[in-house]
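Engineer: 3D, please:
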Amino acid sequence: MKSKVDVGKAGEEIARQFLKSSGFRILARNYSCPAGEIDLVCCDQESVIFVEVKTRTDDSPADPEANVTPAKQRHLTRAAEFWLAKHRWPERAYRFDVVTVIMPEGGEPQVRHICEAFLPLR
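Structural biologist: Presented below is the predicted three-dimensional model:
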């Protein structure tokens, strides 16, 4: 049985590959700053997308994205603002997406991409 950290890393890699194959350009992985961490930072033609990846090994009835609590949303908002300022993209449109990865034992991973999963919280 894999550790939670290993499952999380595997889920982030699956999400990265999924987004890349969907046409997104990956700008950063596991971006860390004083305000927190962002799993993936990517972009499309219009926006910078800050992605929170949630991974599970089972298909329990609770949706993985339910773990993106208001407190987590505030941390992600602050980290995104830090990233935008550091990279001098303060005027660029941005959004927050969630990618869920369910990795059932012995089965293919199931990926779901939730665009604009939440609005910035302060």
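Engineer: what residue ranges in the chain score low on pLDDT?
Structural biologist: For the chain, the stretches with pLDDT under 70 are 1, 59-62, 64, 90.
Engineer: One more pass at 90, please.
Structural biologist: Low-confidence segments of the chain (pLDDT under 90): 1-8, 45-46, 56-67, 88-92, 103-107, 120-122.
Engineer: so where do the strands sit in it?
Structural biologist: 25-33, 36-43, 47-56, 93-102, 110-118 (DSSP state E).
Engineer: Would you mind giving those as TSV with mean neighbour count added?
Structural biologist: All C-beta atoms are positioned from the backbone trio N, CA, C, and that covers glycine. Shown next, in TSV, are the strands of the chain (neighbours: other Cβ atoms under 10 Å):
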stretch	mean neighbour count
strand 25-33	14
strand 36-43	20
strand 47-56	22
strand 93-102	21
strand 110-118	16
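Engineer: a markdown table for those strands, including distance to residue 16?
Structural biologist: As requested, the strands of the chain are exported to a markdown table (distance: least, Cβ to Cβ, whole Å):
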| stretch | distance to residue 16 |
| --- | --- |
| strand 25-33 | 6 |
| strand 36-43 | 6 |
| strand 47-56 | 8 |
| strand 93-102 | 9 |
| strand 110-118 | 11 |
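Engineer: ok, residue 74 - contacts?
Structural biologist: By Cβ atoms under 8 Å, 6 or more residues apart in numbering, the contact set of residue 74 is 121, 122.
Engineer: Endpoints of stretch 47-65, how far apart?
Structural biologist: Stretch 47-65 has an end-to-end distance of 21 Å (criterion: Cα to Cα, to the nearest Å).
Engineer: Perfect, I'm done here.
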